[in-house]
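Colleague: Below are the sequence and a predicted model for it; my questions follow.
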Amino acid sequence: MRSGFVSILGRPNVGKSTLLNKLVGEKVAIVTSKPQTTRTRIHGILEVAAKKGKHPAAQIVFVDTPGVHKPESWLDKRMMQEVHDALESRDVVLFMVDATRRLEFADAKSEDAFALGLIRKLDCPVFLVINKIDLIAKDTLLPMIAELSALHSFAEVIPVSARKGDGLDRLVAKLVEHLPEGERYFPKDQFTDQPLRFMVAELIRERILQETGEEVPYASAVVVERFEEPQPEDKKPVTRIAAAIYCERSGQKAILIGKGGAKLKSIGTNARKEIESLLGKRVFLELHVIVEEGWRERRGFVESLDWRRQIEELGKWEE
Ligand SMILES: Nc1nc2c(ncn2[C@@H]2O[C@H](COP(=O)(O)OP(=O)(O)O)[C@@H](O)[C@H]2O)c(=O)[nH]1
Ligand SMILES: [Mg+2]
């Protein structure tokens, strides 16, 4: 048996979360067309069956990370810390690029060069994963592979379409080859380490990202305040969830609520459907909006949003 951690690294919007979900076969991470959708590192766990004459059985723990960018706010710094944490404990790193985007490695100050700088420091195998090949002409792929291969001594170069699933079998087989012998890190049927509460908060945030524009998506955070399992006296069993949506200014609050509450209602209805399909249960969802001025700049608030930290705090409290 092989097992190990595989971190997925890349600039915002290259398709890291899409790849994670496709590999694991579950919606582990939220996906939108907006950059910086992913704020924390997220584990998605894949069980690989042995293939006779090809590779042994394996458990691969994929780690999705926020997009690599130069940090400005405290939230940005926290996001980049998540990237560094994911790079610290890993067996293989996937460096993911978008085949439709011209990369700017020549300019040493560019964000692309910054991302490449991170992987050049690593001593583990790094795979170059070229994503979104469903969007490019076939004859452009070979020259692109040649050009990108010259940037670093990649262990493998693998073109994929995360959305369509093309190239993923080969990716998984190559990963198993590079993983060390070892036992499972997680139980066989577990597909993520995220607590349900956090996944629920993320599904609500996904709707906000999809249904609002301008700076609202980036200035929003979601905290699940109440999560009550169905009660015996319920006629039809229903899970009751209350969540707070934080934003930074009253203008943003007005946008999130919308005319006569229409926007918040639509976010709530659509998020509820997603949550019901995640839980496989009926859900009653209550949302309210809170203005927390300049929260992205405040270290304490940003850190209080982190579920890993929340769990640590809970542990201390119970001791
Ligand atoms: N056409 C195409 N679009 C993709 C593919 N992978 C991801 N996307 C889209 O790219 C956008 C960013 O995806 P996401 O996974 O959130 O990127 P991340 O920021 O790197 O995690 C979304 O709109 C995805 O639907 C792909 O293989 N092909
Ligand atoms: Mg993402």
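Modeller: Thanks, I have it. Ligands and ions are numbered 1, 2, ... in the order given.

Colleague: Tell me the residues of the stretch 151-300 of the chain that contact ligand 1?
Modeller: Residues of the stretch 151-300 of the chain lying near ligand 1 by C-beta under 6 Å from any ligand atom: 161, 162, 163. Where you see a C-beta, it was placed from the backbone N, CA and C, and this is true even at glycine.

Colleague: so the second one makes contact with residue 13?
Modeller: No: with contacts defined as C-beta atoms under 8 Å, residue 162 does not count as touching residue 13, sitting 11.9 Å away.

Colleague: Tell me which of the two has more neighbours.
Modeller: residue 162 (27 against 18; other C-beta atoms under 10 Å).

Colleague: May I see the buried residues of stretch 188-201?
Modeller: When neighbours are counted by 16 or more other C-beta atoms under 10 Å, the buried residues of stretch 188-201 are found to be 191, 192, 193, 194, 197, 198, 199, 200, 201.

Colleague: Out of those residues, which sit inside helices?
Modeller: Judged by DSSP state H, these include 197, 198, 199, 200, 201 as members of helices.

Colleague: which one of those residues sits closest to ligand 1?
Modeller: Checking those against ligand 1 by C-beta to the nearest ligand atom gives residue 199 as the nearest, at 15.7 Å.

Colleague: Okay, the closest one and residue 232: tell me how far apart.
Modeller: Spatial separation of residue 199 from residue 232 under the definition C-beta to C-beta, to the nearest Å is 26 Å.

Colleague: For residue 43, what is the enclosing helix or strand?
Modeller: Using DSSP states H and E, the element containing residue 43 is strand 42-48.

Colleague: now that strand, how far from the centre of its chain.
Modeller: 13 Å (C-alpha atoms, centre = their mean, to the nearest Å).

Colleague: Likewise for stretch 215-225?
Modeller: The answer for stretch 215-225 is 16 Å, by C-alpha atoms, centre = their mean.

Colleague: Identify each buried residue in it, please.
Modeller: When burial is assessed from 16+ other C-beta under 10 Å, stretch 215-225 yields the following buried residues: 216, 217, 218, 219, 220, 221, 222, 223, 224.

Colleague: The third one should be in a strand, yeah?
Modeller: No: applying DSSP: H, G, I helix; E, B strand; the rest coil, one finds residue 218 to be coil, outside a strand.

Colleague: hang on, isn't it packed against residue 37?
Modeller: No: judged on C-beta under 8 Å, residue 218 makes no contact with residue 37 at a distance of 9.9 Å.

Colleague: So which residues of the stretch 201-319 of the chain form helices?
Modeller: Chain-ordered helices for the stretch 201-319 of the chain, with DSSP state H, counting those that start in this stretch as the definition, fall at 250-257, 262-279, 299-304, 307-318.

Colleague: If you could redo that for the stretch 51-200 of the chain, that was the one I meant.
Modeller: Along the stretch 51-200 of the chain, the stretches classed as helices by DSSP H, counting those that start in this stretch are 74-88, 111-120, 141-149, 168-178, 196-211.

Colleague: For burial, what's the neighbour tally of residue 79?
Modeller: For residue 79, the count of nearby residues is 23 (other C-beta under 10 Å).

Colleague: which non-adjacent residue is nearest it?
Modeller: Distance criterion C-beta to C-beta, 6 or more residues apart in numbering; nearest residue to residue 79, sequence neighbours excluded, is residue 66 at 3.9 Å.

Colleague: That neighbour contacts residue 35, correct?
Modeller: No: judged on C-beta under 8 Å, residue 66 makes no contact with residue 35 at a distance of 9.7 Å.

Colleague: residues touching residue 91, list them.
Modeller: Residues counted as contacts of residue 91 (C-beta atoms under 8 Å, 6 or more residues apart in numbering) are 4, 5, 6, 124, 125, 178, 179, 180.

Colleague: While we're on residue 305, how confident is the model there?
Modeller: Per-residue pLDDT puts residue 305 at 90.

Colleague: now swap in residue 254 and tell me
Modeller: Model confidence at residue 254, expressed as pLDDT, equals 97.

Colleague: how many other residues sit next to it?
Modeller: 13.

Colleague: With residue 106 instead?
Modeller: By other C-beta under 10 Å, the burial measure for residue 106, its neighbour count, is 8.

Colleague: Would you check how far apart the nearest residue to it once chain neighbours are set aside and ligand 2 are?
Modeller: Spatial nearest neighbour of residue 106, excluding adjacent residues (C-beta to C-beta, 6+ apart): residue 113 at 8.0 Å. Noted for residue 113: a distance of 21 Å to ligand 2, by C-beta to the ion, to the nearest Å.

Colleague: With residue 191 instead?
Modeller: Here the distance between residue 191 and ligand 2 works out to 17 Å (C-beta to the ion).

Colleague: So what does that residue have for phi and psi?
Modeller: phi -110, psi -10 (degrees, to the nearest 10).
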